[in-house]
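J.: Need a 3D model of the sequence below.
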Amino acid sequence: MTERFVSKFSQIRGVEIPTIREGVPSFLGAPVARTPNDLRDADAAIIGVPYDRPATSGRPAGAWSGYREAPANVRRQSLRYAGYLVEHDLDVLEHVRLVDYGDAEIVDDVKQSSENVTRKVREVIDAGCRPITIGGFSPCSSYSVVKGLAAATAGRVGVISLDAHGDCLDAEYGPMGNREPGSATWEARMWDHCPNVDPTRHVEIGMRGPRNTREQAEAYRTRGGRLYPSATVRQIGIDALCLDALPHPFEGTERTWLHLDMDVLDIGEIPDWGDEPLGLSSWEVVKVVHEAGKRGLDGLSFVYVAPRSSGAAAVVCYVIVYLMAGWVLGGRIGKR
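T.: Okay, the predicted model is just below:
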């Protein structure tokens, strides 16, 4: 028998919660899109990226195992929430048609998996819809997503990246390092492989601490991007940061994409998960995405989402709902 999911909101409204597959409900109980034709009337589509990989240098060998389960965990945890935000007296789901487009197919070959993610993102954009991807590691959850968005875009693409680390090295660590898209290199390959992703319209927010190198910081400056370390955010405040940083990736661009690595959050923000000290608060992260939504953000990707963390899932859900609120309050999506 197929498992049925029940939430406070499904009980109040007397509705069934759709499932992606056995044991996995749709995100926020949204309708499920099975084919590209199902996307045609949607405003935004959730895509899971159930990809994990060996941990990078300096981490225990199995530190990243199980992260493929993050999209399913977020979907289950999302049933605690709906679309109403009391501070705005706004139910975003009365305005935004959100669908869940399931997971990109992840296989043993990383290049094939990357192509599968890119294709699924393109299907969403070609349908006139905005992609929101959840889970996984680079390159499948970052490089592959922006590659699909860029391929579907004739004009320039701007990027907002929230990350504790600069993923812009030319090669993975060491003199003979791999130059393929990876955790430390995907931004460099993004600029190489996607000519319309404009590095002068790149904003990097939240870098901090001794895991970075001077070369990483200089990579943004020499290409004409803007770098806002976590300390700068704390110094000037999140409102000033949004006013100064966010216009940049939208000026003269056709689409703008936001990459959100969960390690941008301070180590103490999520009680059952954390990575680096001196990071941004969940309030600051939600604020950046919300304000980017007001400006018409065209895509959002979550990276490094912990697979068994209720706190990480809660942050993902909040960010997505407040992004949709930004679309509505900014006049980017009208009431249905």
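J.: tell me the contacts of the closest residue to residue 216 other than its chain neighbours?
T.: The shortest distance from residue 216 to any non-neighbouring residue, by C-beta to C-beta, 6 or more residues apart in numbering, is to residue 166 (3.2 Å). The C-beta positions use only the backbone N, C-alpha and C, and glycine is treated the same way. When contacts are counted by C-beta atoms under 8 Å, 6 or more residues apart in numbering, residue 166 touches 187, 204, 207, 212-213, 216-217, 219-220.
J.: quick one: residue 166 is in a helix?
T.: No: the assignment for residue 166 by DSSP: H, G, I helix; E, B strand; the rest coil gives coil, which leaves it out of any helix.
J.: picking that back up, which of the contacts of residue 166 tops the neighbour count?
T.: Highest neighbour count within the contacts of residue 166, by other C-beta atoms under 10 Å: residue 187, with 30 neighbours.
J.: tell me the average confidence for the helix or strand containing that one?
T.: Residue 187 belongs to helix 186-193 when elements are defined using DSSP states H and E. Helix 186-193 carries an average pLDDT of 97.
J.: ok, now stretch 82-97?
T.: Rounded to a whole number, the mean pLDDT of stretch 82-97 is 97.
J.: Can you show me the helices along the protein?
T.: Per DSSP state H, the chain carries helices over the ranges 8-13, 70-78, 110-126, 143-151, 186-193, 214-222, 230-236, 238-245, 247-250, 282-294, 310-329.
J.: Please produce JSON lines containing these, extended by distance to residue 258.
T.: Converted to JSON lines, those look like this (distance: least, C-beta to C-beta, whole Å):
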{"stretch": "helix 8-13", "distance to residue 258": "27"}
{"stretch": "helix 70-78", "distance to residue 258": "17"}
{"stretch": "helix 110-126", "distance to residue 258": "14"}
{"stretch": "helix 143-151", "distance to residue 258": "10"}
{"stretch": "helix 186-193", "distance to residue 258": "13"}
{"stretch": "helix 214-222", "distance to residue 258": "16"}
{"stretch": "helix 230-236", "distance to residue 258": "16"}
{"stretch": "helix 238-245", "distance to residue 258": "12"}
{"stretch": "helix 247-250", "distance to residue 258": "9"}
{"stretch": "helix 282-294", "distance to residue 258": "6"}
{"stretch": "helix 310-329", "distance to residue 258": "9"}
